[in-house]
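K.L.:
What follows is a predicted protein model with its sequence.
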Amino acid sequence: MKDKFETIYSAIDEIILAHGKPRKTEFGGGVWDAQEEFKIYKKQIKEGVTNLQMKMITTYFEKKFGGKKK
């Protein structure tokens, strides 16, 4: 069973993998934008993590997303 942070990092990996791929109509159509999705995800998890943990999570996203930024 994954712990909370393994789940968070796995979700971030999935967000990055979906970047630029077509989004189903039921999710609004268009294409997935990892930066937009990560902002939403941070709001969803903010109650369960400390500020330092959020900084580490954000750093992980930024390093993994790297050169894929617009």
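P.N.:
Now that the structure is in, tell me what you want to look at. Numbers count the residues shown, from 1 in each chain.

K.L.:
low pLDDT regions in the chain?
P.N.:
Applying pLDDT under 70 to the chain flags residues 67-70.

K.L.:
and the closest residue to Gly20 other than its chain neighbours, how many neighbours?
P.N.:
In space, and not counting its chain neighbours, Gly20 is closest to Val31: 5.6 Å by Cβ to Cβ, 6 or more residues apart in numbering. Any C-beta I mention is one placed from the backbone N, CA and C, and that applies to glycine too. By the measure other Cβ atoms under 10 Å, the count of residues near Val31 is 10.

K.L.:
got a list of what Val31 touches?
P.N.:
Residues in contact with Val31 (Cβ atoms under 8 Å, 6 or more residues apart in numbering) are Gly20, Lys21, Pro22, Arg23.

K.L.:
between those, which is nearest Lys64?
P.N.:
Nearest to Lys64 among these is Gly20, at 14.6 Å by Cβ to Cβ.

K.L.:
was I right about Trp32 contacting Ala18?
P.N.:
Yes - with contact defined as Cβ atoms under 8 Å, Trp32 counts as touching Ala18 (4.1 Å).

K.L.:
who has more neighbours, those two?
P.N.:
Shown here are Trp32 and Ala18; by other Cβ under 10 Å, Trp32 has more neighbours (19 against 15).

K.L.:
ok, so what distance separates that one from Met54?
P.N.:
According to Cβ to Cβ, to the nearest Å, Trp32 stands 22 Å off from Met54.
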